[in-house]
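In: Next one to model:
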Amino acid sequence: MTTAPSAIVSAEPAWPDDAVEVGRIIGAWGIKGGIKVQPFAQDPQALFSSRRWFLKPPEASSVLKRPASATTVPPLLKITHAKEQGDWVVAQAQDISDRNAAEALRGARVFVSRASFPSADPDEYYWVDLIGLSVINREGESLGTVSGLLDTGPHSVLRIAPPNAQAGDEPAERLVPFVAAYVLDVNLAERRITVDWGLDY
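Out: Numbering: from 1, shown residues only. Below is the predicted model:
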C-alpha cells in the first residue's frame, strides 16, 4: 500500500510564526553532549518554558565561529534537560551525544515560540512584547515607536524612534526610563504605551 503524495507529512519541523530569539549556543558543556547557552534575558525562563528549541546558523559577523568540520545546524533540538549554571544555561538534547556534536553547534541562534513563554507577573512585560508599540504622552502627542530597550541594571530604558522616521534616516531617538514615574500605562491589546514625557525633553 502506498501513501498518496498529498498525505505525506514533512519531517522538517514547522518554524513557529511567533519565534523569538532567546539565546546563543556558545559551546559544549561536559563530555556527554551537553551544550552551553548564553541567554539574552537576565531571567532565562523562556529557555526553560519549551522543550523545543529552534535553531538558525550564526550570523556572518558572529565571533563564535563553528569548527571547520561542523555539519549543518539542525533546525530543531528536543531538549531533555536544562538548568542554570552561573550566567549560562546548560542543556542536554536528544541526538547530541558527545562533545564534538555539541561543539559543532557553537554560535547557533536559539529561538522558542512566544506562546510557550511563562505568563508575566502583573506590571511585568517581555521586551519582545513592547517593541513596535506606539508611544504617546499624557497630552496625546505621539513620541514615536519602541524600537528596542536598553538594560541599565537598575531598570530598563525604552528606545523610541520618532514618528515618520524614514529608512536610512538617523534621527535622534528618545530614551525613556521604563519606570512608574514616567510610564503611566502599557496597553498591549491596543499596542500603546502612555508616558509622562514632553515632546521637548
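
In: what about Val195, how many neighbours?
Out: Taking other C-beta atoms under 10 Å as the criterion, the count of residues near Val195 is 23. (Glycine included, C-beta is placed from N, CA and C.)

In: tell me the pLDDT at it?
Out: What the model reports as pLDDT for Val195 is 97.

In: ok, it touching Val176?
Out: Yes. Using C-beta atoms under 8 Å, Val195 is in contact with Val176, at 5.6 Å.

In: any shared contact partners between these two?
Out: Here Val195 and Val176 have Val135, Leu143, Leu158, Tyr182, Val183 as joint contacts, going by C-beta atoms under 8 Å, 6 or more residues apart in numbering.

In: PyMOL command to pick out the buried ones of those?
Out: Here is the PyMOL command that picks out the buried ones among the shared contacts of Val195 and Val176, judged by 16 or more other C-beta atoms under 10 Å:
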select buried, resi 135+143+158+183
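
In: ok, the shared contacts of Val195 and Val176 vs Pro57, which is closest?
Out: Taking C-beta to C-beta as the measure, Pro57 sits nearest to Leu158 out of these, at 31.2 Å.

In: any idea which helix or strand carries that closest one?
Out: Using DSSP states H and E, Leu158 falls within strand 156-161.

In: try Val22
Out: Val22 belongs to strand 19-29 when assigned by DSSP H and E.

In: where are the low-confidence patches of this protein?
Out: The chain contains residues with pLDDT under 70 at 1-13, 61-71, 165-171.

In: Do a quick rundown of the helices in it.
Out: Secondary structure of the chain, counting by DSSP state H: helices at 45-48, 99-103, 127-130.

In: Tell me how the chain divides into domains.
Out: When the chain is parsed with automatic domain parsing, its domains come out as 19-116, 127-195.

In: Let me know whether Gln85 touches Trp29 as I believe.
Out: Yes. Between Gln85 and Trp29 there is a contact under C-beta under 8 Å: 7.4 Å.

In: Which one's more surrounded, those two?
Out: Set Gln85 next to Trp29 and count neighbours by other C-beta under 10 Å: Trp29 wins out with 21 against 13.

In: so who does the more buried one touch?
Out: Taking C-beta under 8 Å, 6+ apart as the criterion, Trp29 is in contact with Ile35, Lys36, Gln85, Trp88, Val90, Ala102.

In: among those, which ones are buried?
Out: Neighbour-count burial (16+ other C-beta under 10 Å) is assigned, among those, to Ile35, Lys36, Trp88, Val90, Ala102.

In: So for Glu21, which of the helices of the chain sits nearest?
Out: helix 127-130 (9.0 Å).

In: how about TSV for the shared contacts of Val195 and Val176, with distance to Tyr125 added?
Out: Shown next, in TSV, are the shared contacts of Val195 and Val176 (distance: C-beta to C-beta, whole Å):
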residue	distance to Tyr125
Val135	14
Leu143	18
Leu158	11
Tyr182	15
Val183	10
